[in-house]
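Chemist: sequence first, predicted coordinates after that:
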Amino acid sequence: MIMKLPGFILLFYFHILPFVGSFGGLRAGEQLVASYMQEGNYSQALVLANEMPSLYGLTGDELTEHNYYMDMLNLQTGLAQQGRNILQLNSSELNSLVLIAESSIGTAGTQAKNILEFFYGAHFFNCQVLDDSATSKSYTVNPNELGEAYGLNITVKPNPAKDWAAFDYTLPGDESTAILIITDANGKNIESISLDGNQGQKLWDTRHIPAGAYIYTLKSISFSKTGKIVITK
């Protein structure tokens, strides 16, 4: 008996999967999964995500990271299908997020940390772990590059600024809520600005801000991006 597959499944396996496997690597696959999730095509997103280990030859620590990534996708899919949002997590789901945030150093860990920090007031500190083992593998994830890959962006002008600065921002996917945090060189919080809308501009009055260098961080639900602005007088 020959099973007839739906057209989109055939298209996916014979055209999309080979393309993703050949170009862009794992990050390209994650971007495609993210686009499916944003469109509400959860079945296609999960099919591609489940194929990634064989598609990219993931083993060892990479496979462990992928399992955390799948946990995050399943959580997001479950929330969407149940009509819940990220503020309505139960205790079991919160515990799972904490585990991922503390254990994953990849995409899943970044997403879990940002959700817990942004919506549940948690705080995480990144500590470098030294390993003398010659065979150990290390993974470095640049939060700015990861966020940009999913559409998060922020620019500021003028920079240096004197009386005011304009932040132009874009959030990933269909996200419409974020926060812009500005700190001084010592990490002291100078200003926290709420952002509404997938993209827009926010003006910052700097007339009362002392001259110096400041760090700004755009934090969305899933990612964050950091930059520097200089205030002159």
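Modeler: Everything's here; your move.

Chemist: how about the strands in the chain?
Modeler: Taking DSSP state E as the test, the strands found in the chain are 153-157, 164-170, 177-183, 189-196, 199-205, 212-219, 224-231.

Chemist: how about those strands in CSV, adding distance to Ile86?
Modeler: The C-beta positions use only the backbone N, C-alpha and C, and glycine is treated the same way. Shown next, in CSV, are the strands of the chain (distance: least, Cβ to Cβ, whole Å):
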stretch, distance to Ile86
strand 153-157, 21
strand 164-170, 20
strand 177-183, 10
strand 189-196, 16
strand 199-205, 20
strand 212-219, 14
strand 224-231, 16
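
Chemist: mind putting the ones you listed into JSON lines with mean pLDDT, mean neighbour count and distance to Ser54?
Modeler: Listed next are those as JSON lines, based on pLDDT from 0 to 100; neighbours: other Cβ atoms under 10 Å; distance: least, Cβ to Cβ, whole Å:
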{"stretch": "strand 153-157", "mean pLDDT": "94", "mean neighbour count": "16", "distance to Ser54": "33"}
{"stretch": "strand 164-170", "mean pLDDT": "95", "mean neighbour count": "17", "distance to Ser54": "34"}
{"stretch": "strand 177-183", "mean pLDDT": "91", "mean neighbour count": "18", "distance to Ser54": "36"}
{"stretch": "strand 189-196", "mean pLDDT": "91", "mean neighbour count": "13", "distance to Ser54": "40"}
{"stretch": "strand 199-205", "mean pLDDT": "94", "mean neighbour count": "14", "distance to Ser54": "37"}
{"stretch": "strand 212-219", "mean pLDDT": "90", "mean neighbour count": "18", "distance to Ser54": "34"}
{"stretch": "strand 224-231", "mean pLDDT": "89", "mean neighbour count": "17", "distance to Ser54": "31"}
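
Chemist: those strands: which one's closest to Gln111?
Modeler: Nearest to Gln111 among the strands of the chain is strand 224-231 (10.5 Å), distances taken as Cβ to Cβ.

Chemist: so what does the closest one touch, helix or strand wise?
Modeler: helix 143-149, strand 153-157, strand 212-219 (3 or more Cβ pairs under 8 Å, 6 or more residues apart in numbering; DSSP states H and E).

Chemist: can you rerun that using 6 Å?
Modeler: The contact analysis (3 or more Cβ pairs under 6 Å, 6 or more residues apart in numbering; DSSP states H and E) places strand 224-231 against helix 143-149, strand 212-219.

Chemist: ok and the longest one relative to strand 224-231, angle-wise?
Modeler: I take that to be strand 212-219. 160 degrees (axes from the mean of the first three to the mean of the last three Cα atoms, to 10 degrees).

Chemist: got the angle for strand 212-219 vs strand 177-183?
Modeler: 160 degrees.

Chemist: how near is Lys202 to Ile209?
Modeler: 15 Å (Cβ to Cβ, to the nearest Å).
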